[in-house]
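[1] Next come a sequence and a model predicted from it.
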Amino acid sequence: MDSPSKGADSKPYLKLHFLVVIVAFTAILGELINLPASTLVAWRTAIAAVFLGLWLRGKLLHSITPKHRRIALFVGIILGLHWLTFFGAVKLANVSICLIAMSTTSLFTAATEAIYERRRPHSHEIMLGALIVPAIILIAGVESGHLIGLLCGIGSAALAAIFPVFNKVMVRNGGKATVITFYELLTASLICLIASIYFGYSWEQSIPNGLDWLWLAILAIVCTVYAFTLFIRLLEFFSAYETTLVINFEPVYGIILAAIFFAEHKQLHPMFFVGAGVIIVVNILYPVMARRAERISKVR
């Protein structure tokens, strides 16, 4: 397993934290855009796929193996469902609740990565992931009015634990991040279009208005094409679990952004911030325990 302590400099970590700020901003944009969750994601992924397809042009068919294409199309289904539930959580609750729910991704990823690699989860992965559970229970108790949104966000976190594992395997086997992203976005767009039709949204409800076009452009190009491609590339340096734990800083950045844009901190119970504090502590503890586990394994 590659990790920054085994040769990577601080640059990938800085890029990873920059990525987390961008990802946190997607929830802010989701709140700003006046569209239903499924329609919002359909526009986001369609614009991103078209932009990326025009940029790649003829490289698409020649720079990905048939096996990787099939995997990317499958991952696109998972990705579409993940974004549907993510923006659904934003609409049903708020930005802060959604992003706190997403912090459970590390708990799910510890399991999915271990299953895929046919190994037992590392003890420190399970322990630190499990520390997030009481924090989520605390938040659910004090923010019971947002319970459905919280559960929707946890569902999104479970889906988010699946696609990094497949993407890591593809990119480490020579898959090109931009091409992988194109096929995944294309499939995600179709999934969200089907969801919009299923939910019966009218034409008027599905067309962006005014500033929605600007927010969608930023969401599609910066927060989707650039961010998702960078995410896949960074999997070359980190395990999916390591990446996810850094992404657990997303609620911290997101809560700050939500306070700036929407003053959400005034609407939240004080105990909400206790639960959020536990998540921050988990992220601080992880690199210490990971280094300790690595030293012990070398001694053995």
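    Structure received.

[2] Can you give me the distance of V21 to T229?
    Per Cβ to Cβ, to the nearest Å, V21 is found 16 Å from T229. The way it works is simple: take the backbone N, C-alpha and C, and place the C-beta from them, glycine included.

[3] which residues does the residue lying closest to L211 once chain neighbours are set aside contact?
    Leaving aside its chain neighbours, L211 sits nearest to L32 (7.5 Å; criterion: Cβ to Cβ, 6 or more residues apart in numbering). Contacts for L32 (Cβ atoms under 8 Å, 6 or more residues apart in numbering) come out as 211, 215, 261.

[4] any low-confidence regions in the chain?
    1-10, 58-61, 240-245, 248, 283-284, 286-288, 290-291, 294, 298-300 (pLDDT under 70).

[5] Pull the number of nearby residues for P66.
    7 (other Cβ atoms under 10 Å).

[6] start at 48 instead
    With 48 as the first residue, the last one maps to P113.

[7] got a list of contacts for the one helix or strand F213 maps to?
    For F213, the host element (DSSP states H and E) is helix 210-219. Here helix 210-219 makes contact (Cβ under 8 Å, 6+ apart) with 115, 118-119, 121-122, 125-126, 129, 156, 159-160, 163, 224, 227, 231, 278-280, 282-283, 286-287, 290-291.

[8] how far is it from where the chain is centred?
    Centre-to-centre, helix 210-219 and its host chain are 14 Å apart (Cα atoms, centre = their mean, to the nearest Å).

[9] buried residues in it?
    By neighbour count on 16 or more other Cβ atoms under 10 Å, the buried set for helix 210-219 is 210-218.

[10] Tell me the first helix or strand C-terminal of that helix.
    Following helix 210-219 toward the C-terminus (DSSP H and E): helix 224-246.

[11] I254 and V325, how far apart?
    42 Å.

[12] what about these two, which has more around it?
    Neighbour totals were compared for I254 and V325, and V325 leads with 17 against 12 (other Cβ under 10 Å).

[13] Please give me every residue in contact with the more buried one.
    V325 touches 178-179, 181-182, 185, counting by Cβ under 8 Å, 6+ apart.

[14] redo that, cut-off 10 Å
    Contact analysis of V325 by Cβ atoms under 10 Å, 6 or more residues apart in numbering lists 150, 178-183, 185-186.

[15] if we can go back for a sec, between the buried residues of helix 210-219, which is closest to H169?
    V212 (14.9 Å; Cβ to Cβ).

[16] Where does Y248 sit: helix, strand or coil?
    At Y248, secondary structure determined by DSSP: H, G, I helix; E, B strand; the rest coil is coil.

[17] That one: neighbouring residues, count only.
    When counting by other Cβ under 10 Å, one arrives at 16 neighbours for Y248.

[18] That one touches C239, doesn't it?
    No. Taking contacts as Cβ atoms under 10 Å, Y248 lies outside contact range of C239: 11.2 Å.
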